[in-house]
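Engineer: Got a sequence here, can you model it:
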Amino acid sequence: MILFRYLTREVLLTMSAVAGILLLVIMGSRFIRYFSDAAEGDIPVTMLGSLMVFHLPGFMELILPLSFFLGILLAYGQLYMNSEITVMVACGMSPTRLLKVTLLPASVVAVLVGVCSLWLTPYGALQTETALEEQRSRLDVSVLAPGRFQEFGGGRTAYIGGFSSDGTEMLDVLVHEQNQQGDEGTHDFVTRAASGYQETRLETGSRFLVLDDGERYGVTPGEQNAERLIFERYTLRLGLNRDRQELDSLEYATTPALWSDPRPRAQAQWQWRAGLPLMVFVLALMAQPLSRVNPRQGRFGKLLPAVFLYVAYLSLLLAVVDAIGSGTWSTALGVWPVHGLFLGLGLLLLWRSQRKGMR
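Structural biologist: Residues are numbered from 1 along each chain as shown. Below is the predicted model:
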């Protein structure tokens, strides 16, 4: 029991450190991209936190298997360097028992990966895409930045000079609309107003941009005629609030829905999600023999070949998933031959390691 707690602690601590570094790098890159969009006025700053939280399960389902794989390599490699494995063997620790100790934390990691891949990741992707789609399809006062031309869907571009003191009204508003239907055909419309604000009608869910004291021009490129309208109040309909049911991509579908969907793309997506927890056990099986290093080699002696092996595993898995989705690979075979191939490789490495003995 003492050895089990010691080995598990070493593996999990190393895995946590690796996962933290990888998560910081990946989430930092995504945060910079979203922050750039917020600076351009495409999304409000208040959405950044929720978007990063919704992306977290998708990051974790890929980071956890790799970090656990590297955690075993680094933790056991250090034990070989310090000759602690030699002492354990002298005390009766067999390779089979060491493998059992390794598979116990692997089960915990596999459960976490399964929860992320089967439930949390599609839910987070759906929430993210819903929020971005709603933001792209509406003009939100919190998104607009003074002094910039910004698109807000439907071929519309808006420009505002500033906001009122309480922030509820836009000042010096200019709206350009392309290919809109007018009284005498299709025109481009330019609407200028002294002020404006957004209004949502709860009974219909429609959103409107209400403009006060301005002019509206309808022009056709290449023609001299133009329509002019002077108004005290003019209302532009921006659109309806969208429901998340409109997003029918398989990436956002629930796992039970994918299971019952016979289409190749749905089966490819389901097998990808179900295969990630299995990948944790296969990587744990390969990591134990790969972690056995000579003290003169150093704990990083086999780290680079192990990383290449992981990249080959993941790349081949993604290639088969794409082949299933395109119909060039049988859904009955699916991704399971890839897992079986690397499972056999792990068993071969483990057998060779046991033949040489644990020194």
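
Engineer: Identify the residue nearest residue 122 in space, chain neighbours excluded?
Structural biologist: If the residues on either side of it in the chain are set aside, residue 122 comes closest to residue 252, at 5.6 Å by CB to CB, 6 or more residues apart in numbering. C-beta here means a position set from N, CA and C on the backbone, and glycine is covered the same way.

Engineer: what residues are up against the one you found?
Structural biologist: Each residue near residue 252 by CB atoms under 8 Å, 6 or more residues apart in numbering is listed here: 122, 125-126, 129.

Engineer: again, only using 6 Å
Structural biologist: Shown in contact with residue 252 (CB atoms under 6 Å, 6 or more residues apart in numbering): 122, 125-126.

Engineer: Residue 177 now?
Structural biologist: So residue 177 contacts 156, 189 (CB under 6 Å, 6+ apart).

Engineer: residue ranges for the helices of the stretch 251-359 of the chain, please.
Structural biologist: 255-259, 264-290, 303-326, 336-356 (DSSP state H, counting those that start in this stretch).

Engineer: closest to residue 75 out of these?
Structural biologist: helix 264-290 (9.6 Å; CB to CB).

Engineer: chain center to the closest one, what's the gap?
Structural biologist: In terms of CA atoms, centre = their mean, to the nearest Å, the centre of helix 264-290 is set 18 Å apart from its chain centre.

Engineer: how much does it deviate in direction from helix 303-326?
Structural biologist: The directions of helix 264-290 and helix 303-326 differ by 160 degrees, with axes from the mean of the first three to the mean of the last three CA atoms, to 10 degrees as the criterion.

Engineer: so what does helix 264-290 touch, helix or strand wise?
Structural biologist: helix 48-81, helix 95-115, helix 255-259, helix 303-326, helix 336-356 (3 or more CB pairs under 6 Å, 6 or more residues apart in numbering; DSSP states H and E).

Engineer: quick one: buried residues of the fourth one?
Structural biologist: When burial is assessed from 16 or more other CB atoms under 10 Å, helix 303-326 yields the following buried residues: 303, 306, 309-310, 313, 317, 320-321, 324-325.

Engineer: and what of the shortest one?
Structural biologist: Applying a neighbour-count criterion of 16+ other CB under 10 Å, the buried positions in helix 255-259 are 255, 258.

Engineer: list the buried ones in the strand ranked longest in the chain?
Structural biologist: As assigned by DSSP state E, the longest strand anywhere in the chain is strand 185-201. The neighbour-count check on strand 185-201 (16+ other CB under 10 Å) flags 187-193, 195-196, 198 as buried.

Engineer: circling back: among the helices of the stretch 251-359 of the chain, which comes closest to residue 157?
Structural biologist: Of all the helices of the stretch 251-359 of the chain, helix 264-290 sits nearest to residue 157, with 35.8 Å by CB to CB.

Engineer: Now do that closest one, average pLDDT.
Structural biologist: Averaged over helix 264-290, pLDDT sits at 92.

Engineer: what's near enough to touch residue 285?
Structural biologist: The neighbours of residue 285, taking CB under 6 Å, 6+ apart as the test, are residue 346.

Engineer: what does residue 211 give?
Structural biologist: 193, 196, 234.

Engineer: bridging residues for the second one?
Structural biologist: The one in question is residue 196. Beta-bridge partners of residue 196, counted by DSSP bridges, are residue 170, residue 211.

Engineer: Can you tell me the element residue 232 falls in?
Structural biologist: Using DSSP states H and E, residue 232 maps to strand 226-240.

Engineer: got the angle for that strand vs strand 185-201?
Structural biologist: Orientation check (the same axes, to 10 degrees): strand 226-240 against strand 185-201 gives 40 degrees.

Engineer: hang on, the earlier thing: counting neighbours, which of the contacts of residue 252 comes out on top?
Structural biologist: residue 122 (24 neighbours; other CB atoms under 10 Å).

Engineer: that older thread, possible to save the helices of the stretch 251-359 of the chain as TSV with distance to residue 87?
Structural biologist: What follows is the helices of the stretch 251-359 of the chain, written out as TSV (distance: least, CB to CB, whole Å):
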stretch	distance to residue 87
helix 255-259	45
helix 264-290	18
helix 303-326	24
helix 336-356	18
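
Engineer: looking at those, which is closest to residue 19?
Structural biologist: Among the helices of the stretch 251-359 of the chain, the nearest to residue 19 by CB to CB is helix 264-290 (12.8 Å).

Engineer: Give me the neighbour count for residue 69.
Structural biologist: Residue 69 has 27 nearby residues by other CB under 10 Å.

Engineer: hey, which helix or strand in this structure has the poorest pLDDT?
Structural biologist: Sorted by mean pLDDT, DSSP states H and E, the helices and strands of the chain end with helix 84-90, the least confident at a mean of 72.

Engineer: Name the residues of it that come out as buried.
Structural biologist: Result for helix 84-90 [16+ other CB under 10 Å]: buried residues 84-85, 88.

Engineer: Just want the angle from the lengthiest helix in the chain to helix 48-81.
Structural biologist: Under DSSP state H, the helix in the chain containing the largest number of residues is helix 2-40. Helix 2-40 runs at 150 degrees relative to helix 48-81, counting by the same axes, to 10 degrees.
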